[in-house]
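Enquirer: any chance you can model this:
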Amino acid sequence: MSIWYWILLSNHIGISSTSFYFFCFSIAIPILPVFGYHYRDESFYIFTDRVARNIIICLNQFNNHNDFLRSQRRQKKKHYIVLWSSALNRLLPANLILCALMANIVLMLLLLHRLIFSSIAQETFDVRQHLSTVTRYEVSKGIKENAFDSSKIPDQCSPIHLNLVARHGTRAPTKKRMRDLEILSVQLKSLMQNAKEKGYSLEKLPSWLTGWSSPWKGKTKGGELIMHGEDEMYNLGIRIRERFQELFSDDYHPDVYQIRATQIPRASASAVAFGMGMFSGRGKIGAGNHRAFAVLSESRASDIMLRFHDCCQNYKVHRKQQEPAVFKLKEPVLDEITRSLAARYELNFTIKDTSTLWFLCKQEASLLDITNQACGLFSNDEVNLLEWTDDLEMFILKGYGKSLNYRMGVPLLEDVISSMEAAIKAKEEGYASGSYEKARLRFAHAETLVPFSCLIGLFLDGSEFDQIQKEKPLEYPLKPPQKRTWRGSTVAPFAGNNALVLYSCPENNTSKYFLQVLHNEQPIPMAGCGGTDFCPFQIFKEKIAAAHLKHSYDYLCNASMEKQPGSKSFVSQLFEMLSWILSGKNKDKASPKVEL
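Expert: Here you go, the predicted structure:
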């Protein structure tokens, strides 16, 4: 809380009375978390400031009334004043002095508490954990939020099959975004020149900004898997093999360990790096005793398994219509931060500049481990808000914002379920080890991982799960400083993954086969299975998968959207688009187009 409020308070009513208010307030402090106010949250300090403000307002009114009473009392006889003093002595007992002393001690401790923890918060704020889907995998794994007590797998249960759906590892910016950074370099030079002509000293500008040029200047290609990404996938392969040694003890065969990837090079390269880790030491190639393995891909034009968003015509139409609306939601935040940057550095930044600087921050922090240049232009609060705009966009265009976003992934869900059913059949019929599939490993994109996470009901509570089963929209992710579960840095970082591990539990009385979901290698609750991470396979099929599988991919993606539940008519869609066009656009504003 602001110390100035309390100084002003003591000026109104005196030190002893103020201390008494502190004492009362300190009694209330321990119970504030019960009502949702926590000491490390901004809401706690907003609440305490509000209390202090309201007390001051009341005291102003009280003092005005006292001024009136004093003017009246001056005209009264002296013995009234004596009677008034006597009454005050009865109302203020002697132990109030002790209360005042205790209250001052409590106040100092509270102020010290805030100073310590606010400084710790400043020191521990790692911008690399706030880059949404541009977050590196090892950084994402260091984010400790939404702690979950995972189920203890019974000793009699053993894994019999594993499905992996993974995003590619850390990659370079695409050619289009590298061009944006080249344009930013020219724009910054122009802004600084204009500022000089207006007589500004430019002393507020950080030194790195003068003469800055893009780290990717001169590159003609982009979007490839970089070395960080190779390491992420290679080490992921090793860890999964070591964690599930029973599954990966057989000699490699493509029918036992099937590896699939999209035709996009960064995805197929991720599959190769993963396979090199998983099968390292299993062959005779090179010093690492590697062995060759197969990576299968479908044509990009017809890959409804891993690039269903590319083949779904209805989704393409929906996304194109939604992008302007998404930008409208982000615009107030971008506008506010742009004005703050302009005032802070005395440069006439535009929203487009702010968006590109934020993109540069994410690339520098994630790919180059530079956090004190572009990221240093923004305050921690601004970083949190910019991260939220990215998360909001992902939610609306790829996640729970509309059922089509994830239900178009039904071919992938069907493939996952059929592979597990085949493993159960092999177990029931006693197939020899090495004669049936034990793992199906897929490498794709955020546009694959995010919808799949939604299909299996991750990052939801029970009531939200009921809503998506009925194809009802969910509320948008909460804006900072409020906490939210939906964060791109944990939902779909680089190399983010979902592993669905099928267990055989022959001695279980309720179900012989269970499914555990690991998100980024950590157990995660499934809202559709009572919030547990260890779900009977039959319950998973009936409660989670069935509602999505009632429609075919062809129906969802190629049938007229006017005939689908909850869809808007062509006339209403056209009206919305015309309204957007007529509302006017600022050419300097950031393009709503999202890099895939």
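Enquirer: now the strands for the stretch 301-450 of the chain?
Expert: 439-444 (DSSP state E, counting those that start in this stretch).
Enquirer: ditto for the chain
Expert: 158-167, 257-261, 439-444, 497-504, 513-519, 522-523, 534-536 (DSSP state E).
Enquirer: tell me, what residue is most central in the protein?
Expert: R487 (1.0 Å; C-alpha atoms, centre = their mean).
Enquirer: give me every residue that touches the spatially closest residue to it that is not a sequence neighbour.
Expert: Of all residues beyond its chain neighbours, the one nearest R487 is D391 (5.7 Å), with distances taken as C-beta to C-beta, 6 or more residues apart in numbering. C-beta coordinates here come from the backbone N, C-alpha and C atoms, glycine included. Residues in contact with D391 (C-beta atoms under 8 Å, 6 or more residues apart in numbering) are S132, P477, R484, W486, R487, G488.
Enquirer: so how far is S403 from D391?
Expert: 19 Å (C-beta to C-beta, to the nearest Å).
Enquirer: again, but for T124
Expert: 38 Å.
Enquirer: swap in A495?
Expert: In terms of C-beta to C-beta, A495 sits 27 Å off from S403.
Enquirer: tell me which of these two has more neighbours.
Expert: The residue with more neighbours, out of A495 and S403, is A495; 29 against 22, by other C-beta atoms under 10 Å.
Enquirer: and that one, what does it touch?
Expert: With C-beta under 8 Å, 6+ apart, A495 has these contacts: R136, Y137, A166, R167, H168, G169, T170, G229, E232, M233, L236, S270.
Enquirer: can you rerun that using 7 Å?
Expert: Y137, A166, R167, G169, G229, E232, M233, L236 (C-beta atoms under 7 Å, 6 or more residues apart in numbering).
Enquirer: the second one and F494 touch, don't they?
Expert: Right, A166. No - in this structure, A166 is not within contact of F494 by C-beta atoms under 7 Å, at 10.2 Å.
Enquirer: where does the protein dip in pLDDT?
Expert: 1-123, 146, 561-596 (pLDDT under 70).
Enquirer: how far away is K217 from S489?
Expert: 28 Å.
Enquirer: excluding its backbone neighbours, what's nearest P525?
Expert: The nearest residue in space to P525 (C-beta to C-beta, 6+ apart) is G531, at 4.6 Å.
Enquirer: how long is stretch 471-478 end to end?
Expert: 21 Å (C-alpha to C-alpha, to the nearest Å).
Enquirer: show me how far stretch 425-438 is from its chain's centre.
Expert: 40 Å (C-alpha atoms, centre = their mean, to the nearest Å).
Enquirer: how about that stretch: buried residues?
Expert: Across stretch 425-438, burial judged by 16 or more other C-beta atoms under 10 Å covers A426, K427, Y436, E437, K438.
Enquirer: now do the same contact list for N497.
Expert: Taking C-beta under 7 Å, 6+ apart as the test, what N497 contacts is L164, V165, A166, R167, N520.
Enquirer: wait, which of those is closest to A343?
Expert: For the contacts of N497, the minimum distance to A343 (C-beta to C-beta) is 38.2 Å, reached by R167.
Enquirer: count the residues that sit near that closest one.
Expert: R167, neighbours per other C-beta under 10 Å, totals 27.
Enquirer: for S453, same thing?
Expert: Counted with other C-beta under 10 Å, S453 comes out at 25.
Enquirer: cool, the one 10 residues further on as well?
Expert: The number of residues packed near S463 is 9, by other C-beta under 10 Å.
Enquirer: could you measure from the spatially closest residue to G281 that is not a sequence neighbour over to A301?
Expert: By the measure of C-beta to C-beta, 6+ apart, the closest residue to G281 outside its immediate chain neighbours is N289, 4.9 Å from it. Using C-beta to C-beta, N289 is found at 38 Å from A301.
Enquirer: who's more crowded, these two?
Expert: Ranked by neighbour count (other C-beta under 10 Å), N289 and A301 place N289 first, with 12 against 9.
Enquirer: these two touch, right, that one and G283?
Expert: Yes - N289 lies in contact with G283 (C-beta under 7 Å); the separation is 5.6 Å.
Enquirer: circling back: how near is the residue nearest to R487 to R291?
Expert: Applying C-beta to C-beta to D391 and R291 gives a distance of 40 Å.
Enquirer: now do the contacts for I226.
Expert: Here I226 is in contact with T170, R171, A172, L367 (C-beta under 7 Å, 6+ apart).
Enquirer: hmm, try it at 10 Å
Expert: G169, T170, R171, A172, E232, R266, A269, S366, L367, F494 (C-beta atoms under 10 Å, 6 or more residues apart in numbering).
Enquirer: before we move on, what about L236?
Expert: So L236 contacts 137, 164, 166, 169, 270, 273-274, 277-278, 495, 497, 499, 520-521 (C-beta under 10 Å, 6+ apart).
Enquirer: mind putting these into a markdown table with distance to K320?
Expert: Formatted as a markdown table, the contacts of L236 follow (distance: C-beta to C-beta, whole Å):
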| residue | distance to K320 |
| --- | --- |
| Y137 | 31 |
| L164 | 32 |
| A166 | 28 |
| G169 | 29 |
| S270 | 28 |
| A273 | 34 |
| F274 | 34 |
| G277 | 39 |
| M278 | 39 |
| A495 | 29 |
| N497 | 29 |
| A499 | 33 |
| N520 | 31 |
| E521 | 36 |
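Enquirer: narrow those to those that are buried.
Expert: The buried subset of the contacts of L236 (16+ other C-beta under 10 Å) comprises 137, 164, 166, 169, 270, 273-274, 277-278, 495, 497, 499, 520.
Enquirer: show me the contacts for G211.
Expert: Here G211 is in contact with S185, L188, K189, M192 (criterion: C-beta under 10 Å, 6+ apart).
Enquirer: and what of Q522?
Expert: K141, F148, S150, T490, A499, D533.
Enquirer: that one pairs with what?
Expert: Per DSSP bridges, the residues bridged to Q522 are H519.
Enquirer: ok, now the one 4 residues further on?
Expert: Beta bridges link M526 to T532 when assigned by DSSP bridges.
Enquirer: count of neighbours near it?
Expert: Neighbourhood size, M526 [other C-beta under 10 Å]: 24.
Enquirer: what about it, distance to Y553?
Expert: Taking C-beta to C-beta, one finds M526 at 23 Å from Y553.
Enquirer: check F540 too.
Expert: 20 Å.
Enquirer: more crowded one of those two?
Expert: F540 (24 against 19).
Enquirer: wait, that one sits on V501?
Expert: No - the pair F540 / V501 is not scored as a contact, 12.0 Å apart, by C-beta atoms under 10 Å.
Enquirer: between these two, which contacts overlap?
Expert: Joint contacts of F540 and V501 (C-beta under 10 Å, 6+ apart) are M420, F514, L515, V517.
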